[in-house]
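A.B. asks: Everything below, folded, please.
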Amino acid sequence: MKSKMKPVRLVYSTEESVQALKSVPTFASSTLQLLGSHQSQHPYCYELMFKVGDDLRQDVLILQMFSCFNSLWLQHDLDLKLLSYKCVAAELDAGLIEMVQNASTISKIQQWYNEEKKKAFGSLSVAWSRDVIYLWLASDICNGNKPLPNEIIEKATTEFILSCAGSCVASYVLGIGDRHNDNIMVHRSGRLFHIDFGHILGRKKSKFGINRERVPLILPASFMYIINRDYEANNDQSPSYRRNFEFFKRLLIQAFMVLRDNVDMVCNMLYAMKNAGMPELKSLSDVNYVRETLFVGDTREEAEKKFVQKINDSTKSSWTVNVNWATHNYKHWK
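C.D. replies: As a prediction, this is how the structure comes out:
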């Protein structure tokens, strides 16, 4: 089975979890039968994906790097709400991945928006819909898509903004490619996170010699709608709009500078795996890619200025992300 084919979903329970269920009077024997089915909300079930066709050692490495980044940021009082998950490489082309519950890919969210909200017309136009993620976070999808309380929506949008900042910086520094809308997910709590790290250290996807990924940071209109809090009826000339984006930009810069200050530790983690035979980490030049993204040869002021330019380039050319996502939808939606 190649990686593009549908992986196998495994749902299981441990002997300890079954015994725990038996000790709870409210759970009858019929509940135990559910352990063999998809029960994402059940605390005693675990769900994994068995995937064949990719070297998951790269995924393991990147997830470890993300955890390292998160620890560094927390040491500087910067909680960017990075959501991680477990991954185990069983062989060179097979392994197990933890499935994050209560989360959906952006592609699935767009399908929900298209089918439930009926605010878009097919797989192409929905890629340009600005309020798609916001409405998903603001809706009780298990209760007829009724609006959630304002305090829940505010917490979810805040978590989205923080996690978006962390994910943007982490994926930029490590040069993670293939960032289509099936490789970025959003948790119901609002946390945005990336999955599937088959392309790293600047190796971007292309088609017929055309680079499909043209921006350093993934900041499409549906992200900016939440970051700028456009749902509060601000416009692009209002002081509050500018304050919202400046706050987000400051988060990006702070996260970037923390990693730059710890570039040796970041590179040492990559260097330790250089001889492991991973597909896209084979040489010192691969390791040095991170030094280039962090502008190690420049002063702090120059590095910050160059990174700000990367942010500006990403917002100005964010339409290219929409094109990439629309193309992906057209190819994969049924």
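A.B. asks: All the helices of the stretch 201-334 of the chain, residue numbers only.
C.D. replies: 221-227, 239-261, 263-271, 284-293, 300-316, 319-332 (DSSP state H, counting those that start in this stretch).
A.B. asks: Highest mean neighbour count out of the ones you listed?
C.D. replies: Among those, helix 221-227 has the highest mean neighbour count (mean count of other Cβ atoms under 10 Å), at a mean of 22. No exception for glycine: its C-beta is placed from N, CA and C like everyone else's.
A.B. asks: Now do that helix: which elements does it pack against?
C.D. replies: Packing contacts for helix 221-227, counted by 3 or more Cβ pairs under 8 Å, 6 or more residues apart in numbering; DSSP states H and E, involve helix 132-138, helix 150-173, helix 239-261.
A.B. asks: before we move on, the earlier item: for the helices of the stretch 201-334 of the chain, which one sits closest to Val8?
C.D. replies: Closest approach to Val8 among those (Cβ to Cβ): helix 319-332, 19.0 Å.
A.B. asks: so for that closest one, what's the average pLDDT?
C.D. replies: Average pLDDT, helix 319-332: 91.
A.B. asks: okay, that helix in CSV with CA atoms only?
C.D. replies: Taking C-alpha atoms only, helix 319-332 is exported to CSV below (Å, rounded to 0.1, in the frame of the first residue of the first chain):
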residue,chain,number,x,y,z
TRP,A,319,-3.8,33.9,-2.7
THR,A,320,-1.3,31.2,-3.9
VAL,A,321,-2.3,29.1,-0.9
ASN,A,322,-5.9,29.3,-1.9
VAL,A,323,-5.0,28.2,-5.4
ASN,A,324,-3.0,25.3,-4.1
TRP,A,325,-5.9,24.3,-1.8
ALA,A,326,-8.5,24.7,-4.5
THR,A,327,-6.5,22.4,-6.8
HIS,A,328,-6.1,19.9,-4.0
ASN,A,329,-9.9,20.0,-3.4
TYR,A,330,-10.7,19.6,-7.1
LYS,A,331,-8.5,16.5,-7.3
HIS,A,332,-9.5,14.8,-4.1
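A.B. asks: ok, back up a step: may I see the helices of the stretch 201-334 of the chain organised as CSV, with distance to Lys81 added?
C.D. replies: Shown next, in CSV, are the helices of the stretch 201-334 of the chain (distance: least, Cβ to Cβ, whole Å):
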stretch, distance to Lys81
helix 221-227, 14
helix 239-261, 11
helix 263-271, 20
helix 284-293, 22
helix 300-316, 19
helix 319-332, 22
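A.B. asks: Of all those helices, which one comes closest to Leu201?
C.D. replies: helix 284-293 (4.5 Å).
A.B. asks: That closest one packs against which elements?
C.D. replies: Counting by 3+ Cβ pairs under 8 Å, 6+ apart, helix 284-293 packs on helix 150-173, helix 263-271.
A.B. asks: Mind putting these into TSV with mean pLDDT and distance to Ile200?
C.D. replies: TSV is the format used below for these (pLDDT from 0 to 100; distance: least, Cβ to Cβ, whole Å):
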stretch	mean pLDDT	distance to Ile200
helix 150-173	96	9
helix 263-271	95	10
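A.B. asks: Give me whichever of these is most buried.
C.D. replies: Ranked by mean neighbour count, these are led by helix 150-173 with a mean of 21 (mean count of other Cβ under 10 Å).
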